[in-house]
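Colleague: Test case, fold it:
(one chain, ligands or ions: 1)
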Amino acid sequence: MFKNNLAYEASAGSGKTFMLVVRYLSLLFMQAEPSKILALTFTNKAASEMSERIVETLEELESRGELDVIMQVTGLSREHLLANRKKILQEFLNSHTKIMTIDSFFTQVLRKFSLYASLMPDFSTFSSQHELKLMSRFLSEVSAANKREILINLSLESKKRISDIFTLLDEFYIKKEELSNISFTKIDLRAFEDEAMSALSGLQGIVANCDKASGQLQGAVKVESFAELKDKTWVQKESLEYWAFKKCFTLEMNHYLHTIQTTVANHHRAKEQNFFYALNELVEIYQKSKKALYMDDSELSFSDVTSLVYEILHKNDDSQFLYFRLDAKIEHILLDEFQDTSVLQYKILKPLIEEITSGNGIFENGSFFFVGDVKQSIYRFRGGVSALFGEVVEENDTEVEKLLTNYRSQKEVIEFVNATFRDKIEGYSDQLVRKEAQGGYVEVLENDELLEETLTQVQRLIALGADLNEIAILCATNGDGEAIKLSLQENEIEVVTETTTKLINQRSVKALLEYLKYLYFKEDIYKHNFFALISQEIQSISSVDFNKVKLFDVVKRAIEKYNLFEHDFHLLRFLNAIKGYEDIEALLFEYERLDTSAAASDLNGVRVLTVHKSKGLEYAHVIVMDRLKNPPASRSSIIYEYDGIALQNVYLRTKNREAIDRSYENALHKEQKLVREDSLNALYVAFTRARENLIIIKKSKKSSFDLLELDAKSSGELQCERVQKEKKKDLQPLEHKELYYGTQSDILALESEQAENINAINFGLALHYMLEMMSSFNKESIPNAKDMMINKFGFELQVDEIEDIVRRVEMFVENEEVLKLIDGDCYREKALRYKNNLRYVDLLVKHKEGSWNILDYKSSLSFSEHHVKQVRYYKRAIEDITAELVNGYICYILADSVKLVKI
Ligand SMILES: Nc1ncnc2c1ncn2[C@@H]1O[C@H](COP(=O)(O)OP(=O)(O)OP(=O)(O)O)[C@@H](O)[C@H]1O
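Modeller: Got it, this is the predicted structure:
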C-alpha cells in the first residue's frame, strides 16, 4: 500500500530510480496533479531521463515491469491502470511538471522572490561565475577596503598563490551558513613563543649541565628561534627518554618538553584563529564582489543561488509567508540521489518537507519520498555529507525500506562487487542475484600501457558484436577521457563524450530553434532551414503573438503540428529546458549557453566519461581504466570536522601538528577516513555500472585500485549480444552552418589538463588568445591584440611572460614561411564538428586555388606525438568535409624561433 513518508536506502542497481519512477506514476494514477509533484534529481541528465522514463513507461505500460509494482503501490487494478494511461500521459505532457535538478528548482524559487534579494528576475545562471572577472573585482574591492595587506599575509603564511586563496574563499563562502556557529578571534602569538622559548632554555640548561651529553644532543637543542623549535623531531615525541636524550634524561626534561608541546599546539591554534579571522574578513569582501558582479551582469553561479535562496527563506521577516507561497504549489516531494544533497540544500527544503511529514500542510494527502545509497556518496567536495541521509530519516520519522536484489547486473558482476567491497565498506551487505541473471564476465587486467590495453578491450568487445553505445569507458579525469577518445578515434572508433552531446546541437532541437527564429526575425532563411531539418515540404508558417502565447506553448504546438515528437526525447528535454527562459528573446540570445545534454538514445559511439559522471547510469559493457597520471598531491588546506551533519570545527592543515594536538589528530583521522571513503565510493560507483561485462584495467604501480587489493584474474565468459542495426531514419544532409560551441579556452584547458603546470597552461592560453585577437597578421594589429590579451590574462601572468608572448607573436607575423602559409582567407579558432566531436582549429586558411592549410599553434615542444595525432585528425576532418586538398602544420611558436612541422 502507498506509504506517505518513505525512503529507500539501497545499493547500486537495486531499483531506486525504478522505484522513483514507479512512485511518480503511482501519484499520477492516484490523481495527483503533475504540477504539484516536485521531483528533484542531481543532474540535468537524470531529470530528463526521469521525464523520458515516465513517458516511455506510460506508452508501453502493458509490457513494463513497472506495471505490477504500480498495482502493488496504489492498490489499483491492471485494467484501471491500462484504461487510464493515455489520459495520464496527455495530462503529464500538457503540464508544467517539476522534474528538475535541485539547482534549477532553487533558481526558479529565486526568480520568484528575486526582489527580496534586490535582483531582477531575469538573471541567468551558470555552474560557476566568471572567475577572472570575479578575481579582478575582488582585488579592487580589497584595495578599496584597505585590506591588501591581509590578503598578502594570508598568501605568505599559507605559502599559497593569491589564486589559491580564492579557492579557500570560495569554500568559506559556500559554507558560510554552516560556519556561522564557529567564531574566530585574533590572538597575539608572542606570549606562546616566549613561553616555549623559556621552556627550551630550561631544557638547554639541563643538557649543558649533563656530562654525558653528546655532540648530537647539544646540536639537537641548539635552537635559535621558535620557528625552528616547532619543527624539531624531538618536539613531536611523547617522552625524551630516547635516543641521545636518554643519557641525560630526568623527569624535568619531560616537563619542559610537555610545556613546549602545549605552547606549540596553542601557537598553532592561535595562528589558525588568526588565519581564519583574516579569511573571514576577506570572505565578506568576496561576497560583496560577487554581489556587485551579479548585479552588473545578472549572472549567478549555482552556489550564489543556493545562498541567496537560503537567505531569503530563512533570514527574512516574510520567511513563513514565502514558504507558504511555495508550499501551496507543492504537494509531493521526491528526491533522488539523496546521499549527495548538501546540508544547505536540505535546510532550504526542510520546511517544505516538514509541512508534508507533520501532516499540517495545506494538502493533507501530501507525500515525501527519497532514495539514496550512502556508498555512492562522492560529492563531499561540493558539500555532500553522508550522515545527512540518517538525519533526515530521523527528523521526519521516515520509514526506510531496503531493496536487496540487484536488478541490473549479471551474477559474475554482482559477486565480484560483493567480494571486493564486503570487507572494505563499513556496513556493506551482499546483494542478491536474480535467478535469471546467472551469466556475466569480470576481468581484472594489469598493463601499464593503459591506452593501448583499453583500445584492445574495446576492439575485443566490438569483435564479439557488442553495440558501440553499450560500451562505456570510465576514467578518472576529463583529461584521461580526452586521451582515450583520441586513441579510439585514431582507430576509427566513434566516441561520444560530454562536449559533443549538447542538446542544442541535435537536429530536431536545431529545427525548432530555426522555427522560433523565423517567428521572431521573419527571415525566410530560417523557415527554409526549419523545413529542411524536419525533412518536410516548405509551407507557410502563421505568425505568433508572443505577448499572448507562452513560449512553451508555441514550441509544444509546433511539435504537435509538424508531428515531430515520435520518440524524439531531445524534444522533451528541450521543452523542459525552455521553461528556464523568460521569453523568446532570452531563448534566442542565450540558448548557445544551454548545456543540457542530448538524450543518450540518439547518439552513436563508445561512451567515454568520468566515474563521477557515470553515477546513476548503466551499460552492458564497462571498462574501468586506471588513472593515466598520478593524482596531484593537492589536499585542501582546510579540514572540516563534522559531527553528524553539523560542522563542528575547522582546522588549518599544519605539518607535524597531529603529534602534539589531540583534537587536531582526531579531525585529521576523520578526514583521512573520509578521503578513503570517497575513493572507495567512487570505485564502487564505477564497478556497479556494468550489466554484463566488467573489465578493469590497472597499472602495476600507484594504481587507483590499490586500496581494493585486486589480483589480475577473470571469471565467467565474455559474451556480447549482437546488435541488430536499426535502419536510421533517412534525413536530408544538414546545411552547413557555422555554430558557436562554447569557447576555445574550455577545450584548450581540457586538452592541457595533462600538463601539470598551471602557469604553462595560462601562458599557452594567453598566446593562443592574442593570436586569435589579431585582426590581421601584421605588426599593426599587435598593440590591440596585446591589450586584449592583457585584459583577459594579465592577472595570471608575470610581466616578463607578457613580453615573451608579444615577442613570439611578432616573430610569427615576421616569419616568411608562415606568411606564405597564411596567404588566403583566415579563419581563427574555427569550430570543427566531426564525428560527434568538437575541436577548434587554431588557424584555418583557405587559398584561392581551393586548397586549405591548418595551423595548430604550440607554445612548447613537449607532447609532440599528441600534437601530431591532433593535427592529423583535423586534416582528415577538413578533407572529409571539403573533399579538397588539405595541408596540416604544427606551428611551434617558441621563445627564440618559430618552427613549422608539416604533418
Ligand atoms: N522491480 C524491478 N523490476 C524490473 N526491473 C527493475 C526493477 N528494479 C530495477 N529494475 C531495473 O534494474 C536496473 C537498475 O535499476 P535502477 O537504475 O533503478 O537502480 P538504482 O538503485 O537506481 O541504481 P544506482 O544506485 O546505481 O543508480 C534498471 O535497468 C531498472 O530498469
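
Colleague: Leaving out sequence neighbours, find the closest residue to Arg691.
Modeller: Ala620 (4.9 Å; CB to CB, 6 or more residues apart in numbering). Where you see a C-beta, it was placed from the backbone N, CA and C, and this is true even at glycine.

Colleague: pretty sure that neighbour is in a helix, no?
Modeller: No - counting by DSSP: H, G, I helix; E, B strand; the rest coil, Ala620 falls outside a helix, being strand.

Colleague: Just give the number of residues close to it.
Modeller: 19 (other CB atoms under 10 Å).

Colleague: just checking, it touches Asn693?
Modeller: Yes - the criterion here is CB atoms under 8 Å, and Ala620 meets it with Asn693 at 6.9 Å.

Colleague: Now for these two: what residues contact both?
Modeller: Cys720 (CB atoms under 8 Å, 6 or more residues apart in numbering).

Colleague: Tell me the helix or strand right after the helix or strand bottoming out on mean pLDDT in the chain.
Modeller: None of the helices or strands of the chain scores lower by mean pLDDT, DSSP states H and E than helix 744-751, at a mean of 40. Toward the C-terminal end, the helix or strand that comes next after helix 744-751 (DSSP states H and E) is helix 758-772.

Colleague: Give the buried residues for that following helix.
Modeller: Ile761, Asn762, Phe763, Gly764, Leu765, Ala766, Leu767, His768, Tyr769, Met770, Leu771, Glu772 (16 or more other CB atoms under 10 Å).

Colleague: just to revisit the earlier point, and the residue nearest to Arg691, how far is that from the ligand?
Modeller: 11 Å (CB to the nearest ligand atom, to the nearest Å).

Colleague: Next one: Asp823 from Asn853, what distance?
Modeller: Distance from Asp823 to Asn853, counting by CB to CB, to the nearest Å: 9 Å.

Colleague: residues of the helix or strand hosting Gln459 that come out buried?
Modeller: Per DSSP H and E: Gln459 is located in helix 450-463. Buried positions in helix 450-463, judged by neighbour count with 16+ other CB under 10 Å: Leu450, Leu451, Glu453, Thr454, Leu455, Gln457, Val458, Arg460, Leu461, Ile462.

Colleague: Equivalent analysis for stretch 234-254, please.
Modeller: Buried residues in stretch 234-254 (16+ other CB under 10 Å): Trp234, Val235, Lys237, Leu240, Ala244, Phe245, Cys248, Phe249, Met253, Asn254.

Colleague: Find the residue closest to the third one in space, skipping its chain neighbours.
Modeller: Among residues not flanking Lys237 along the chain, Leu257 sits closest, at 7.3 Å (CB to CB, 6+ apart).

Colleague: what residues are up against that neighbour?
Modeller: Leu257 touches Leu203, Trp234, Val235, Lys237, Ser239, Leu240, counting by CB under 8 Å, 6+ apart.

Colleague: can you list those residues in JSON lines and add pLDDT, secondary structure and distance to the ligand?
Modeller: Output for the contacts of Leu257, formatted as JSON lines (pLDDT from 0 to 100; DSSP: H, G, I helix; E, B strand; the rest coil; distance: CB to the nearest ligand atom, whole Å):
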{"residue": "Leu203", "pLDDT": "95", "secondary structure": "helix", "distance to the ligand": "58"}
{"residue": "Trp234", "pLDDT": "95", "secondary structure": "helix", "distance to the ligand": "51"}
{"residue": "Val235", "pLDDT": "94", "secondary structure": "helix", "distance to the ligand": "48"}
{"residue": "Lys237", "pLDDT": "94", "secondary structure": "coil", "distance to the ligand": "48"}
{"residue": "Ser239", "pLDDT": "95", "secondary structure": "coil", "distance to the ligand": "51"}
{"residue": "Leu240", "pLDDT": "95", "secondary structure": "coil", "distance to the ligand": "54"}
